[in-house]
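> Sequence and computational prediction follow.
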Amino acid sequence: MSLDVLQLLGAAGAVASLVVSLLVLRLVLLASGREDLALHHLARLEREMADRLGQVRLGMEERLGGLTTVIAREQGEARTAMANALRQMGEQSAARLAAIQSSVNEQLHAAVEKQMTRSFQRVLEQFAAVQKAMGEVSSMTAQIGDLKRLFSNVKTRGGWGEAQLRAILDDVLPAGSYETNRRLNPANADVVEFAVRMPMRGAAAPLLAIDSKFPTEAYERLLNAVDAVDAEGERAARRALEALVRMEARKIASKYILPPVTVEFAVLYLPTDGLYAEVARVPGLIDGIGRTCRVLVMGPSLIPALLRTIHLGYVTLALEEKTEAISHLLGATRQEMIRMDGVLEKLGRNAGAMSNAIEEARRRTRVVARKLREVEAPGPAGAMALPDLEEREPEENGPDGLAAD
């Protein structure tokens, strides 16, 4: 298509050159005064130019028609190529989108499956925890039922309080420092649950009586009245509990305070801190029992302090016994030190005599060495000195062979 355009441009240039030549020729003829000849030539050139322009126009029309056909064909081919390219791009895009969608679906499926597995596992764990909690609740319910049955029996209730008190005694006091079910008065068959031996000198140490009491019915009536916000019922239950505690304190005072077998007081033990707190809330109850009955009311939080004080007494008594043994040992050690001083004095005297003998031997050795040096020198004087030394030696020694001071 570019070649045809160049050809058309060349034909147009030739026509333009012909027109320029015709004008130049006309000007020349006019200048020479031959106007008729110039007109004749101009007419001929005009006809040639018209023929040439006709040919150029036909050629241009043919070329333009060919160019139009070529352009139309190339446009069709371009449209076809573009359509093919668009179709291929669409197919490739569709394939890529399908691949991406497949990959996304796979990843989404894997993520969803993993999350569902984790969630299901978590649900199973929570369900197992719920089952375990339900089992514990059931077990706790059964234990509560057992406790209710336990505390509904007076004898069993007393045994539970006694076992708890025994555990506290074993935990605080040394072994063998208390007795169980001890009869304090030979005149009757009453026995105290625990009799603690007090830390004192002598074979017959006084005992501290400790008796456990658990008035469950009165305590439960008080708690029920408090829960029901029944002020009148609470006052009545508290009065009943006070009367019951006072009665038990009087029994303990009459049965288990028997000096000199026991000390001047006894202990009423309440097995729970809640029960002790309700008793302590009654104004003047614990102090009044202590003054009138000489009975100390204590709970699980207070009685270990009393028992630790008794244990400290045992420790002090053991230290006093060890102090006496140490005093005897120090006396015997003093006598041995006196005898050792005499032995050291004798050894010192013998050591002094031995030191003098050693010093005399060293002196005589120096004399012998000096004489030997003289023997090495020429002349007869040194040879006669050694016998003189041996003759004087007995005179310088003492009667026991040691050097004289």
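Looks like it arrived, so ask away. Numbering: from 1, shown residues only.

> tell me the domain boundaries of the protein?
Domain assignment for the chain by automatic domain parsing gives 2-113, 154-301, 320-396.

> quick one: low-confidence ranges for the stretch 201-350 of the chain?
The stretch 201-350 of the chain contains residues with pLDDT under 70 at 202-203, 336, 340-341, 343-344.

> how many other residues sit next to Leu306?
Leu306: 16 surrounding residues under other C-beta atoms under 10 Å. All C-beta spots, glycine's among them, are computed from the backbone N, C-alpha and C.

> Please renumber the chain so that the first residue is 49 from this point on.
All right, first residue 49 from here; so that's Leu354.

> element containing it, please.
Counting by DSSP states H and E, the secondary-structure element that holds Leu354 is helix 351-424.

> Summarise which helices and strands that helix is packed against.
Other elements packing on helix 351-424 under the criterion 3 or more C-beta pairs under 8 Å, 6 or more residues apart in numbering; DSSP states H and E are helix 202-220, strand 314-317, helix 433-444.

> Can you give me the distance of Arg397 to Ser403?
Per C-beta to C-beta, to the nearest Å, Arg397 is found 11 Å from Ser403.

> wait, what's in contact with Leu344?
Leu344 sits next to Phe313, Ala314, Val315, Leu316, Gly338, Leu354 when contact means C-beta atoms under 8 Å, 6 or more residues apart in numbering.

> Where does it sit: helix, strand or coil?
Reducing the assignment at Leu344 to three states with DSSP: H, G, I helix; E, B strand; the rest coil gives strand.

> Asn229 versus that one, what's the distance?
On the measure of C-beta to C-beta, Leu344 and Asn229 end up 21 Å apart.

> hang on, the earlier thing: and the helix holding Leu354, how far from the chain's centre?
Average the C-alpha atoms of helix 351-424, do the same for its chain, and the two points are 57 Å apart (C-alpha atoms, centre = their mean, to the nearest Å).

> tell me which element Asn236 is part of?
Assigning secondary structure by DSSP H and E places Asn236 outside every helix and strand.

> okay, now it: neighbour count?
Asn236 is surrounded by 9 other residues when neighbours are defined as other C-beta under 10 Å.

> so what pLDDT did it get?
Per-residue confidence for Asn236 comes out at a pLDDT of 83.

> Then the one 4 residues further on?
Model confidence at Val240, expressed as pLDDT, equals 89.

> what comes up buried for the helix or strand containing it?
Taking DSSP H and E as the criterion, Val240 maps to strand 239-245. For strand 239-245, the buried set under the neighbour-count rule, 16 or more other C-beta atoms under 10 Å, comprises Val239, Val240, Glu241, Phe242, Ala243, Val244, Arg245.

> Near the residue lying closest to Pro263 once chain neighbours are set aside, how many other residues are there?
Leaving out its chain neighbours, the residue that sits closest to Pro263 by C-beta to C-beta, 6 or more residues apart in numbering is Leu292, at 4.9 Å. Neighbour count for Leu292, taken as other C-beta under 10 Å: 16.

> which strands and helices sit next to whichever strand or helix holds Leu292?
Counting by DSSP H and E, the secondary-structure element that holds Leu292 is helix 279-304. Helix 279-304 makes packing contacts with strand 255-260, helix 264-275, strand 314-317, helix 321-329, helix 333-340, strand 343-346 when contacts are defined by 3+ C-beta pairs under 8 Å, 6+ apart.

> picking that back up, strands paired with the strand holding Val240, and their directions?
Partners of strand 239-245 in the sheet, by DSSP bridges, are strand 226-231 (antiparallel), strand 255-260 (antiparallel).

> List the contacts of it.
Contact with strand 239-245 is made by 210, 213-214, 217, 221, 225-232, 253, 255-260, 303-304, 310, 355, 358, as judged by C-beta under 8 Å, 6+ apart.

> cutoff 7 Å now
210, 213, 217, 221, 225-232, 253, 255-260, 304, 358 (C-beta atoms under 7 Å, 6 or more residues apart in numbering).

> Just the buried residues from these, in PyMOL please.
Of the contacts of strand 239-245, the buried ones can be selected in PyMOL as follows, counting by 16+ other C-beta under 10 Å:
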select buried, resi 210+213+217+221+225+226+230+232+255+256+257+258+259+260+304+358
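
> And Gly124, how far from His376?
Counting by C-beta to C-beta, the gap between Gly124 and His376 amounts to 137 Å.

> Met130 now?
If you measure Met130 against His376 using C-beta to C-beta, the figure is 127 Å.

> do Gly361 as well
Spatial separation of Gly361 from His376 under the definition C-beta to C-beta is 24 Å.

> And Arg421, by the same measure?
Counting by C-beta to C-beta, the gap from Arg421 to His376 is 67 Å.

> which secondary structure element contains the residue minimising distance to the centre of the chain?
Nearest to the mean C-alpha position of the chain, counting by C-alpha atoms, centre = their mean, stands Ala177 at 24.6 Å. When elements are defined using DSSP H and E, Ala177 is found to belong to helix 83-200.

> on that earlier part again, okay, the domains of the chain, which one's buried deepest?
Per residue and on average, the most neighbours among the domains of the chain fall to domain 202-349, with a mean of 16 (mean count of other C-beta atoms under 10 Å).

> bridging residues for Ile258?
Ile258 forms beta bridges with Phe242, Val315, as assigned by DSSP bridges.

> wait, doesn't it sit right on Val315?
Yes: counting by C-beta atoms under 7 Å, Val315 is a contact partner of Ile258 at 4.3 Å.

> wouldn't Arg342 be in contact with Phe313 here?
Yes: with contact defined as C-beta under 7 Å, Arg342 reaches Phe313; the gap is 4.5 Å.

> returning to what we had before: any chance of the buried residues of strand 239-245 in a markdown table with distance to Lys370 as columns?
Putting the buried residues of strand 239-245 into a markdown table (distance: C-beta to C-beta, whole Å) gives the following:
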| residue | distance to Lys370 |
| --- | --- |
| Val239 | 35 |
| Val240 | 32 |
| Glu241 | 33 |
| Phe242 | 28 |
| Ala243 | 27 |
| Val244 | 23 |
| Arg245 | 20 |
